[in-house]
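Undergrad: predicted structure and sequence below. I'll ask about it afterward.
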Amino acid sequence: MIGVVEIPPPASAALRFPGIAARALAFWLALLSGSQAAEDPGFSISPALEVRFPTAPGRVYFVEGSNDAATWTALVGPVFGNGGLHTARLSSRTAPVRFAGYRLRNEDAGTVGIAPASLAGLTLMLNDDGRTESIRLVDLSYAEVTLDGASSFVPYLWAKTGPAAGVLELTSTEELQRIALSFTTSGLGGFHRDEIENDHVEDEDTGAFRLDATPLPGGPASPPPTLTGLTLFLQDAAGSAVYEFQTSASGARLTPGQPDILFSYSWQMQGETAARLTINQRNGLASSWLMDYTTACNGTWTVLAADGTPTPRTGTFTHDGTADNHSTADPNDPCGTWPPHKAPLSLAGRCLSLGSGKTSYCFNGNGTGVRLEKKESGMVEIEPFTYTWTMDCADTGVAEITYPGDDEDEKERLTFDFDSAKYTRQEWDKGWKKGEDPKDFSIGTPSPVAANALRLLDPPVTTP
């Protein structure tokens, strides 16, 4: 029996558009009867199902339906997790979507396709028109990027986006690199890279890539006699921590976008394959680890209690050198052993913010940098400079900065005391003028600003 509901169309509409009344009635009759309107054979209605579920990186998800809990029909998937909420809409027009029960199944993303679920421990080689760049993925959070012989450590994120695809993001103080990888085999393929500054793509390139297993370092499973010059990566389920040992007694904990945390430390051998590392931070916090080496650069760590007994917290570690590269008396270290809370050997990769942070100086490793000045209008002026850096192997360092001019260069001298976190400034006028009263400074990186808020005062400084 067909139910009929009277929905008389407005008379004015029927007069102006004679076909509307008939089509509207046919539409409602088709809904009530479950049949198509005879005069419009292209019209149909199909029930649909919407599925939503949270995802996690490194996992792949499948939604399945069943009427007997024994035979399952695939409905959605594979969906590679990215940490977000996934939504899918399924129409019954092409396949059944209504079942007695449903399930969400997930497994390691590495089991589906040829792209890896994790890059930790691998080395990515990018070939861009014959120019090779090496990216060594040290652990789950940090990568060592080497180009033209220069290396730097940066945080990274990796997301497998398909059976043969993934996206690698490298973050530095200057830019974000987003590298999309398309695999043709398990270790080869093509890449597309976007270099992003202030949310704008400044450059892009494409090429071929190779993904290799990072070879384990040679040498015996024994700790180095000193940590001077090494960068140590500690990894556990909670994340990573990076420690840079700049002398045999002091160093800094590195956190992207935040000031370095200076510390003093001790390094004590504990047999042939282990050592105890104790770090004392300026805020009074102290931490100790027992480092058990399985190779010359890798191993496992265990947090030690104050009395030296092991705790349940453990993880893995690696550092970027071997015992063969460092002797107990490093001839390349101009300072030998310093007291803690020193001035750094180099300003490369650091930004020093003066006072309230409206003025910042950011330094590159090639003797160049930029001065950032935040204006009341919200604009940020950028002024390039060249610089030299000297330090006294204790608490103080001096940056002499030159701003290239058309007729005459401008100079200023900034003296930083890293113990008191104070600085003084001097200007050059046929000699250095008397310095200003000491003021506060901090180490870190400036807050990101929009591209339309930047104003370049002078052409960029280049070096031969």
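TA: Sure, I can see it.
Undergrad: okay, buried residues for stretch 72-92 please.
TA: 72, 75-82, 86, 90 (16 or more other C-beta atoms under 10 Å). For every residue, glycine as well, the C-beta is placed using N, CA and C.
Undergrad: nope, stretch 414-423 is what I was after
TA: So, applying 16+ other C-beta under 10 Å, buried residues of stretch 414-423: 414-418, 423.
Undergrad: mind checking how far G357 is from F418?
TA: To F418, G357 is 18 Å away according to C-beta to C-beta, to the nearest Å.
Undergrad: where do the helices of the protein begin and end?
TA: For the chain, the helices defined by DSSP state H cover 11-16, 18-33.
Undergrad: excluding chain neighbours, what is closest to the residue nearest to the spatial centre of the chain?
TA: Central residue of the chain (C-alpha atoms, centre = their mean): Y156, 3.3 Å from the mean position. Leaving out its chain neighbours, the residue that sits closest to Y156 by C-beta to C-beta, 6 or more residues apart in numbering is A143, at 4.5 Å.
Undergrad: so the one you found makes contact with L157?
TA: No - using C-beta atoms under 8 Å, A143 is not in contact with L157, being 10.0 Å away.
Undergrad: between the two, point out the one with more neighbours.
TA: A143 (24 against 16; other C-beta atoms under 10 Å).
Undergrad: number of residues surrounding S141?
TA: There are 18 residues near S141, going by other C-beta under 10 Å.
Undergrad: ok, now how distant is it from D205?
TA: For S141 relative to D205 (C-beta to C-beta), the value is 25 Å.
Undergrad: again, but for D236
TA: 36 Å.
Undergrad: for C362, grab the count of nearby residues.
TA: When neighbours are defined as other C-beta under 10 Å, C362 has 20 of them.
Undergrad: that one contacts G369, correct?
TA: Yes - counting by C-beta under 8 Å, C362 does reach G369; the two are 5.5 Å apart.
Undergrad: of the buried residues of stretch 72-92, closest to N198?
TA: N82 (23.7 Å; C-beta to C-beta).
Undergrad: in the stretch 151-300 of the chain, what spans have low per-residue confidence?
TA: The model of the stretch 151-300 of the chain has pLDDT under 70 over residues 173, 213-220, 256-258, 282-283.
Undergrad: per-residue confidence at T309?
TA: On pLDDT, T309 comes in at 87.
Undergrad: what backbone torsions are found at it?
TA: Phi and psi for T309, reported as degrees, to the nearest 10, are phi -80, psi 150.
Undergrad: ok so, going back, what's the lowest-pLDDT member of the buried residues of stretch 414-423?
TA: Minimum confidence in the buried residues of stretch 414-423 sits at F418, scoring 79.
Undergrad: looking at it, that residue is touching L352, isn't it?
TA: No - with contact defined as C-beta under 8 Å, F418 does not reach L352; the gap is 10.1 Å.
Undergrad: what's the neighbour count on A306?
TA: 7.
Undergrad: next one: phi and psi at it?
TA: phi -60, psi -30.
Undergrad: I'd say T278 and A286 touch.
TA: Yes - using C-beta under 8 Å, T278 is in contact with A286, at 6.6 Å.
Undergrad: please say which of these two ends up with more neighbours.
TA: Legend: neighbour count by other C-beta under 10 Å for T278 and A286, higher for T278 (16 against 12).
Undergrad: any idea how far the more buried one is from L85?
TA: Looking at T278 against L85, where the rule is C-beta to C-beta, the gap reads 44 Å.
Undergrad: just D260 next, same as before
TA: From D260 to L85 the distance is 36 Å (C-beta to C-beta).
Undergrad: can you count the residues close to the residue nearest to N298 when sequence neighbours are not counted?
TA: Closest residue in space to N298, ignoring its immediate chain neighbours: T318 at 4.8 Å, by C-beta to C-beta, 6+ apart. Applying other C-beta under 10 Å, we find 20 residues neighbouring T318.
Undergrad: next one: T318 from T146, what distance?
TA: Distance from T318 to T146, by C-beta to C-beta: 16 Å.
Undergrad: distance of T87 from F233?
TA: Taking C-beta to C-beta, one finds T87 at 37 Å from F233.
Undergrad: wait, what's in contact with the closest residue to E204 other than its chain neighbours?
TA: Take E204 and drop its neighbours on the chain: the residue closest to it by C-beta to C-beta, 6+ apart is D194, 5.0 Å away. Contact partners of D194, counting by C-beta atoms under 8 Å, 6 or more residues apart in numbering, are 177-178, 201, 203-204.
Undergrad: quick one: which of those residues is nearest C297?
TA: Nearest member of the contacts of D194 to C297, counting by C-beta to C-beta, is Q177, at 25.7 Å.
Undergrad: who does L90 bridge with?
TA: In this entry, L90 is beta-bridged to L49, by DSSP bridges.
Undergrad: right, and it touches A74 too?
TA: No - contact criterion C-beta under 8 Å: L90 and A74 do not qualify, at 11.0 Å.
Undergrad: how close does the residue nearest to E427 when sequence neighbours are not counted get to R425?
TA: Closest residue to E427 apart from its sequence neighbours, by C-beta to C-beta, 6+ apart: K433 at 5.1 Å. Going from K433 to R425 by C-beta to C-beta gives 10 Å.
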